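In: coords please:
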Amino acid sequence: MLNQFLPNQFVKNIFEISPDDLKKKGIKGIITDLDNTLVEWDRPLATPQIIEWFAEMKRNDIKVTIVSNNKEARVKSFSDPLHIPFIFAARKPLGRAFKKAIMQMNIKKEEAVVIGDQLLTDVLGGNRSGFHTILVVPVAQTDGFMTRINRRIERRILNWFRRNGKLTWED
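Out: A predicted model of the protein is given here:
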């Protein structure tokens, strides 16, 4: 049961995910969370580094769709200037938004990765839907109210993984 929360891969930040590594795995599309995955949850716009990361993916023919549980105004104001497709109010970990994202990108599930900073939404949702999941360290040390609750639960799950030798990365 708890294995549903175990990501396939762990990286410190989004910039450790390169198009070359993705292409070697047959990946053609990225489903990524927004808040605390790409930028801090309270940062309205993309940083120059994130803009370049998106551009690098595009140059390498890797499609990106932002899938967020946040409201339309938040996700739209971040995504529109970058011309990145998005799905808001995704209700992760439910699978509907993930399926919608691969349909929009016109790729197969096996050709996509799910990237996010939360076990209870991104990793669980991606794993339950059969995607390769990548967990990133949250960009910010602070979170919104609901995410703070999730983080407490996540710490318990991560501690269980540690005790049972399931973690292969360092904190």
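In: Would you mark the buried spots in the longest helix belonging to the chain?
Out: Assignment by DSSP state H gives helix 145-163 as the longest helix of the chain. By neighbour count, with 16 or more other Cβ atoms under 10 Å as the criterion, the buried positions of helix 145-163 are 147, 151, 154, 157-158, 161. From N, CA and C alone the C-beta is placed, and that goes for glycine too.
In: how about JSON lines for these, with distance to L38 added?
Out: Below are these laid out as JSON lines (distance: Cβ to Cβ, whole Å):
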{"residue": "T147", "distance to L38": "15"}
{"residue": "R151", "distance to L38": "18"}
{"residue": "E154", "distance to L38": "19"}
{"residue": "I157", "distance to L38": "23"}
{"residue": "L158", "distance to L38": "22"}
{"residue": "F161", "distance to L38": "25"}
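In: Could you count how many residues lie near the nearest residue to K71 once chain neighbours are set aside?
Out: Excluding its sequence neighbours, the residue lying closest to K71 (Cβ to Cβ, 6 or more residues apart in numbering) is F88, at 6.3 Å. Neighbour count for F88, taken as other Cβ atoms under 10 Å: 18.
In: re earlier: from the chain's centroid, how far away is the longest helix of the chain?
Out: 17 Å (Cα atoms, centre = their mean, to the nearest Å).
In: Which neighbouring elements make contact with that helix?
Out: Applying 3 or more Cβ pairs under 8 Å, 6 or more residues apart in numbering; DSSP states H and E, we find helix 145-163 packed against no helix or strand.
In: neighbouring contacts of the worst-scoring helix or strand of the chain on mean pLDDT?
Out: In the chain, the helix or strand scored least confidently by mean pLDDT, DSSP states H and E is helix 145-163, which has a mean of 80. Defining contact as Cβ atoms under 8 Å, 6 or more residues apart in numbering, one finds that helix 145-163 is touched by 2, 5-6, 35-36, 41, 118-121, 143, 166-167.
In: Please save the CA atoms from it in CSV.
Out: This file holds the C-alpha atoms of helix 145-163, laid out as CSV (Å, rounded to 0.1, in the frame of the first residue of the first chain):
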residue,chain,number,x,y,z
PHE,A,145,-2.3,25.6,4.6
MET,A,146,-3.4,22.3,3.0
THR,A,147,0.1,21.4,1.9
ARG,A,148,1.4,21.9,5.5
ILE,A,149,-1.0,19.1,6.5
ASN,A,150,0.2,16.9,3.7
ARG,A,151,3.8,17.5,4.6
ARG,A,152,3.2,16.1,8.1
ILE,A,153,1.8,12.9,6.6
GLU,A,154,4.6,12.8,4.0
ARG,A,155,7.3,12.9,6.8
ARG,A,156,5.7,9.8,8.4
ILE,A,157,5.7,8.0,5.1
LEU,A,158,9.3,8.9,4.3
ASN,A,159,10.4,7.8,7.8
TRP,A,160,8.7,4.5,7.2
PHE,A,161,10.5,4.2,3.8
ARG,A,162,13.8,5.0,5.6
ARG,A,163,13.2,2.4,8.3
